[in-house]
Each structure stands twice: as C-alpha cells, then as structure tokens.
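>>> How does the following fold in three dimensions:
(one chain, ligands or ions: 1)
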Amino acid sequence: MVLAQLGGSISRALQQMSNATIIDEKVLNECLNEITRALLQADVQFKLVRDMTTNIKKIVNLEDLAAGHNKRRIIQQAVFNELCKILDPGKPSFTLKKGKPSVVMFVGLQGSGKTTTCTKYAYHHQKKGWKPALVCADTFRAGAFDQLKQNATKAKIPFYGRHVLSESIRLNLYTESDPVKIAVDGVETFKKENCDLIIVDTSGRHKQEAALFEEMRQVSEATKPDLVIFVMDSSIGQAAFDQAQAFRQSVAVGAVIVTKMDGHAKGGGALSAVAATKSPVIFIGTGEHMDEFEVFDVKPFVSRLLGMGDLSGLVNKIQDVVPMDQQPELLQKLSEGQFTLRIMYEQFQNMLKMGPLGQVFSMLPGFSSEMMPQGREKESQAKFKRYMTMMDSMTDEGNTNPKIMTESRIMRIARGSGRLVHEVMEMLEEYKRLAKIFSKMKGLRIPKKGDMSSLSRNMNAQNMSKVLPPQMLKQMGGMGGLQNLMKQFGSTKDMMGMFGGGGE
Ligand SMILES: Nc1nc2c(ncn2[C@@H]2O[C@H](COP(=O)(O)OP(=O)(O)OP(=O)(O)O)[C@@H](O)[C@H]2O)c(=O)[nH]1
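Model (predicted):
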C-alpha cells in the first residue's frame, strides 16, 4: 500500500533520529529533510510542508530544552501534531441519525469510484444496524444501473433505478430517463419502506462541465439531501483542491470520500488538499472490494501512518464483528483463561469478517500495514479457511477437548477434510500457541465500546505484551521496545489521546 510507504518513510526517519546518541541540530535537520522528501513525493503542497518544518523547528528548540528533557518524545509529538494539523479541515462532519430517514447524495467525476463507494458506504452502515437503500440516478453512463444493482444484490441492499435510454432502446423497453424523476421516485419509495439511509448515486462526467453541475443542482433541489458526499480519486494529488472547491461551489458538499488510496503515491497530497478546502474527509477507499473502506479520523490515521497503532479503531472493529450476543460469553471465557478449538474457529470466522488483515494489523502499535503486503494477507486468509475446513471435520468431542487428539483422530480429520496429516498438526500447534496467548488474558478487562478510558487504565506495557503475538513483540524490540514506545508517548492517557481515544 502506497500510503504505508509514506508512513514507513516518516517513521524510519524518526527511528534513525532516535538511534543517534545525541540529538543536535544536524540530526534534527536530517530527520526533517527525510520527512519533507516523503511528503513532497506524496504530492503534499510545498508551502504546507515548509510551514510544517518551520513549526517543528520552532517548537523543538534544542538549545532551550533543559537537560533531561526527552527530546525524542518532543520531536515525535511535534511531527504527530503538525501532520494532524495538515489533515485537519477544522470542521467536523455532519452526523446522521439512525432511525430517522436521511437522504445522502453522492457526487463526483466519472470514474472517481462513486458507484462502488455508494455500495461500500451502504454496506458499512448496514453492518452497524442501519437500514440503507440505493437509488441509481446516473442516467449518463450506460451500465451504471447494472453495476449498482449487482453490488447492491451482493450486499443484500434494496435498490431502485432504470436502464439508461440507449440501453432501453436496445432492449426495446419503455423507461424513464430523467435523473431528477428517478431520484425523487426512489427516495419516496424507500421512505415508505422505512429505510433510514437513502443513498442517491448521481451521474458523473469526465470533467467538471456545466451540464454535470446543473444536473447535480436539480437532483439536489428535488431530493433535499441531508448530506452531500463528494467522491474523488486520490491519484490527482494536490489538484484535489481545485476539484473539491468546484464541487463545493455548485452544491453544498458536507463531506468527502477519497478513493483508491491503495494504489496512488499522491494519496497524502489529496487528503491534505481536501482539508485545505475545509471539507471533512469521512472515509477512504483502499481497494475494489466492499470492505476495503475505512473510517477516516485524523488522529488515529496519523497514528497508524507513523506505526503508532489505533487501539480505539481496533476495539471498535472487534466489537463490530463479534456478534453482540456472543460478546459477553466470549469475554467471560477469555477472562477465565479458557480458549477452546470452538472459540478459535469462531474467532477465525470473525477475523475473516473484519476485512483485510492488513487493515486490522495496522491498528496495532508498532505494526504498520507496510509489514503486511497484500500477497501475505491473502496467504493468511487462505490459512484461516484451511484450518476451518479441518475443524469442520472434527467431532464435537474433539472440538471441545483438543487434549484427546490421538493419532487415529488426527488421521480421521485429515481424511475428512482432504488435507495432509502434517497440516492438521500445524493447525493444532497454532491452536496451542493461541491458547497460550489467550491464557495470559486472564483478568484483562476489555472495555465497553467507546469506553477508552478503561482501556487506557488497563493498557500498560505488561498487559500489552501479554496479548501481542510474539513475532510482533519481537518486531517492536521485545518488552524493552514496547516499554520505550509507551514511554515516548508519555502516560498511557496521552497515548490514548493520540489514538483518538477518550470516547466517541
Ligand atoms: N483500487 C481501487 N479501486 C477502486 C476504489 N474505488 C473504486 N475503485 C474502482 O474504480 C473504478 C471506477 O469505479 P466506479 O464506481 O465505476 O466509478 P464511478 O465514479 O461511479 O463512475 P461513474 O458511474 O461513471 O461516474 C472501478 O473499477 C472500481 O472498482 C478503491 O478504493 N481502490
């Protein structure tokens, strides 16, 4: 992931600085030059980068710092704050209320990923208990309706729309071609069906033309959306400023979604340019699949970019995918140190639901998504699925009591699942390894959703080290590295602040 490379370059620069015995002006300048280079490569505007380094130098006055001050921590914190400043539009996004019908209109140029993003947005909210519906008012591009219909059907989301005129003539159908009428009919239909999130996908054009803006204005006047979301492709980098401004001037854009952050070196530039138009970015698209879509929140984002983790995101993600009715039972079992094969099976199922593993891992401190290239992610997913097939062919007795796994039972599982004996043994080894990790979770309190203060109380290096996989702990430089990391950010309270903690 290209964004991970940007994060990787910045955190490497900070790490190199930390390795220096003495941090003087030369070391600081080298570090800032590295960061400047990485940001310019990501197409962040030169003035923003120059202001950022000037501010850091002002805050970090090496000579004035009394001996004993932790210079590293101050520099790291200054970099963190300045990056947040670049990405902060200074304006919160408008929040919709669940249960009350809201209309959200999507606008953007053709090919920006608008149609794909409409479904991702609907799917994201559906998982959170909303009742979304999709309306295709894109009568410009032949195939737009079929694309939305296909995606919506896959995600089991109701949809409304018509084939565009040229398609209808070919198919000899009579149909409506007025996007305003389709949008109004669709919104009315879904209001009657008590949907609380009615998403209207509008037409795009290749460039910002008068016809596009006129149609957008008419659909907006007729459907009176509660929120207009502008979708843009990250590959345009800092040119995003002009594009976002042009859309803002034609229609009341309330939020922005930046797509294709997975493939473009200019993603950082696009994000900072949008922020400069004072439009809040609410999500980023990180791939073509439905779940390659992430909530965008400045502090946790910068935290993840610098490899500092996003524990609040991780806790929310876990609580999103573990079904509500299973949460108390799972937490009870884990806090008693019980970890059965059945639990492992259910957790693999949940992990697969969580979405791309790289996304999950990048939320852990010391672990950037740079360390989980896409190929390896697929490998891990395939491994989970393989293990689950083997577990499927176990008897219930075997599931609950892995200790009675005799040679003949292992052979039976291998035969039943069409796998090799050594693969079954590998799966059991994995179980033992995880059971050992989870046994250490005994007594660790898992916070309620949004209750980050109790997480920060629990989260000391000792507790953290218990739940991190051993390889990850090794990557962080063992227990000492973890302690250092936590010390660098001061108290755990400060650290949670950086992770965007302290409630939702
Ligand atoms: N890699 C990647 N591809 C994406 C992302 N979002 C969308 N795409 C792809 O971008 C292409 C264009 O997306 P569409 O959703 O068809 O674009 P659109 O803006 O709706 O186009 P119009 O309907 O013509 O306005 C498709 O191939 C999508 O799969 C993303 O976040 N990452």
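>>> now the strands: where do they sit in the protein?
Counting by DSSP state E, the chain has strands at residues 102-107, 132-137, 159-161, 197-202, 227-233, 253-259, 281-285, 293-295.
>>> Who is Cys136 paired with across the strands?
Gly161, Asp201 (DSSP bridges).
>>> Begin at 58, not 1, for the rest of this chat.
Let's use 58 as the start, then, which means that last one is Cys193.
>>> what sits against it?
Thr172, Ala201, Phe202, Leu205, Lys206, Phe216, Tyr217, Gly218, Arg219, Ile239, Gly243, Asp258 (C-beta atoms under 8 Å, 6 or more residues apart in numbering). Using the backbone N, CA and C atoms, a C-beta is placed for each residue, glycine as well.
>>> Also near the ligand: which of the residues you listed, exactly?
Counting by C-beta under 6 Å from any ligand atom, Thr172, Ala201 from these sit close to the ligand.
>>> Of the contacts of Cys193, which is the most crowded?
Of all the contacts of Cys193, the highest neighbour tally under other C-beta atoms under 10 Å goes to Asp258, namely 30 neighbours.
>>> Tell me who's in contact with it.
Counting by C-beta under 8 Å, 6+ apart, Asp258 makes contact with Phe163, Lys171, Thr172, Cys175, Leu191, Val192, Cys193, Ala194, Asp195, Ala201, Leu205.
>>> With pLDDT as added columns, please give those in JSON lines.
Converted to JSON lines, the contacts of Asp258 look like this (pLDDT from 0 to 100):
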{"residue": "Phe163", "pLDDT": "95"}
{"residue": "Lys171", "pLDDT": "93"}
{"residue": "Thr172", "pLDDT": "92"}
{"residue": "Cys175", "pLDDT": "95"}
{"residue": "Leu191", "pLDDT": "94"}
{"residue": "Val192", "pLDDT": "93"}
{"residue": "Cys193", "pLDDT": "90"}
{"residue": "Ala194", "pLDDT": "86"}
{"residue": "Asp195", "pLDDT": "84"}
{"residue": "Ala201", "pLDDT": "81"}
{"residue": "Leu205", "pLDDT": "87"}
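>>> among the residues you listed, which two are most distant?
Lys171 and Val192 (13.0 Å; C-beta to C-beta).
>>> which of the two has more neighbours?
More neighbours surround Val192 than the other of Lys171 and Val192, with 30 against 27 (other C-beta under 10 Å).
>>> The more buried one - nearest residue in space that isn't next to it in sequence?
Nearest residue to Val192, sequence neighbours excluded (C-beta to C-beta, 6 or more residues apart in numbering): Gly243, at 3.2 Å.
>>> how about the residues of the protein near the ligand?
Counting by C-beta under 6 Å from any ligand atom, the residues of the chain near the ligand are 165, 167-173, 195, 198, 201, 204, 261, 316-317, 319-320, 342-345.
>>> Separate out the buried members of those residues.
165, 167, 169-173, 195, 198, 201, 204, 261, 316-317, 319-320, 342-344 (16 or more other C-beta atoms under 10 Å).
>>> If you drop the residues flanking it in sequence, what lies closest to Ser292?
His321 (4.2 Å).
>>> ok, Met451 touching Leu398?
Yes: Met451 lies in contact with Leu398 (C-beta atoms under 8 Å); the separation is 7.2 Å.
>>> For stretch 333-348, give the mean pLDDT please.
Per-residue pLDDT over stretch 333-348 has a mean of 90.
>>> Convert that stretch to CSV, retaining C-alpha atoms only.
Extracted in CSV, the C-alpha atoms of stretch 333-348 (Å, rounded to 0.1, in the frame of the first residue of the first chain):
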residue,chain,number,x,y,z
ALA,A,333,-7.4,22.9,2.9
THR,A,334,-10.8,23.4,1.3
LYS,A,335,-12.3,22.9,4.9
SER,A,336,-14.2,19.8,3.8
PRO,A,337,-14.0,16.9,6.2
VAL,A,338,-12.9,13.6,4.7
ILE,A,339,-15.1,10.9,6.4
PHE,A,340,-13.9,7.6,4.7
ILE,A,341,-11.1,6.5,2.4
GLY,A,342,-11.4,3.7,-0.2
THR,A,343,-8.5,1.2,0.0
GLY,A,344,-9.4,-1.3,-2.7
GLU,A,345,-12.1,-2.5,-5.0
HIS,A,346,-13.8,-4.8,-2.6
MET,A,347,-16.8,-3.9,-0.4
ASP,A,348,-14.9,-4.0,2.9
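>>> Next, the buried residues of that stretch.
Buried, per 16+ other C-beta under 10 Å, within stretch 333-348: 333-334, 336-344, 347-348.
>>> Wait, Leu254 touches Trp187, no?
Yes: judged on C-beta under 8 Å, Leu254 makes contact with Trp187 at a distance of 4.8 Å.
>>> Settle it for me: which of those two has more neighbours?
Leu254 (24 against 17).
>>> any low-confidence regions in the stretch 108-257 of the chain?
121-126, 220-234 (pLDDT under 70).
>>> Which parts of it are helices?
128-144, 171-184, 201-211, 222-228, 236-249 (DSSP state H, counting those that start in this stretch).
>>> Export the longest one to CSV, keeping only CA atoms.
In CSV, the C-alpha atoms belonging to helix 128-144 read as follows (Å, rounded to 0.1, in the frame of the first residue of the first chain):
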residue,chain,number,x,y,z
LYS,A,128,13.9,15.4,23.0
ARG,A,129,12.9,12.4,21.0
ARG,A,130,9.4,12.4,22.5
ILE,A,131,9.0,16.2,21.9
ILE,A,132,10.1,15.9,18.3
GLN,A,133,7.9,12.9,17.7
GLN,A,134,5.0,14.6,19.3
ALA,A,135,5.6,17.7,17.2
VAL,A,136,5.7,15.7,14.0
PHE,A,137,2.5,14.0,15.0
ASN,A,138,0.7,17.3,15.8
GLU,A,139,1.9,19.0,12.6
LEU,A,140,0.7,16.1,10.4
CYS,A,141,-2.6,16.2,12.2
LYS,A,142,-2.8,20.0,11.5
ILE,A,143,-2.2,19.4,7.8
LEU,A,144,-5.0,16.9,7.6
